[in-house]
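Engineer: please work out how this folds:
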Amino acid sequence: MTPTDFEKDLVPLRTEIVECLKARIDLLKYKLLIIAILGSIGLGLSDKINKENAVIAPIHLLCIIPFACIFVDSLCMHNNLRILVIAKFLQTKGNLYECFVSDLRVDSRWMLSLEDVALHLSSIVVSVILIVLGICKDDIALIITGCVGLIIIGSVYGIFRWLKWRIKKFTSKC
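Structural biologist: Here you go, the predicted model:
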């Protein structure tokens, strides 16, 4: 059985999906590392920091974490959107697997979204921890950063949901 032209066209699409998934996994690992490294330095868990000669107080390094999380989340969401576009294309071409997954997403909304929940919830938790830490330490910079982080995280997530909705509603003219 010789592959059709359509089946030949699927190979680069499958490769792109696999590469997006690999990049997403790497990004999630980097997010965890960023939070751990900046968090440990900011909380003073390292003895090698010379606090007297520091340009900023080490605790204010924690203010970088929400923005690093937003950056990583945005890259992960971009990869999700790329995968959704490919899935939508395959679904419109009658790909049985994509039709099945689309029906599954309608019936069991959260079944295939646990990774997204972890991605967004971790960023929200980091921002809330900053707010609480800022209140406990009476540090307005931490409180403001946590609040701004929550606002931006919510905005970016809202844009992602809107783009995802647009992809689902898109009908090709081809």
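Engineer: separation between the residue nearest to residue 127 when sequence neighbours are not counted and residue 40?
Structural biologist: Using Cβ to Cβ, 6 or more residues apart in numbering and skipping the chain neighbours, the partner closest in space to residue 127 is residue 149 (3.7 Å). (Each C-beta comes from the backbone N, C-alpha and C, glycine too.) Per Cβ to Cβ, to the nearest Å, residue 149 is found 19 Å from residue 40.
Engineer: so which of the two has more stuff around it?
Structural biologist: residue 149 (23 against 14; other Cβ atoms under 10 Å).
Engineer: the more buried one sits in which helix or strand?
Structural biologist: helix 140-169 (DSSP states H and E).
Engineer: what helices or strands is that helix leaning on?
Structural biologist: Counting contacts by 3 or more Cβ pairs under 8 Å, 6 or more residues apart in numbering; DSSP states H and E, helix 140-169 is packed against helix 65-92, helix 114-137.
Engineer: can you tell me which of the ones you listed is most buried?
Structural biologist: Greatest average neighbour count among the helices and strands packed on helix 140-169 goes to helix 65-92 (a mean of 19), per mean count of other Cβ atoms under 10 Å.
Engineer: that older thread, dump the helices and strands packed on helix 140-169 to a markdown table, plus distance to residue 14.
Structural biologist: Formatted as a markdown table, the helices and strands packed on helix 140-169 follow (distance: least, Cβ to Cβ, whole Å):
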| stretch | distance to residue 14 |
| --- | --- |
| helix 65-92 | 9 |
| helix 114-137 | 20 |
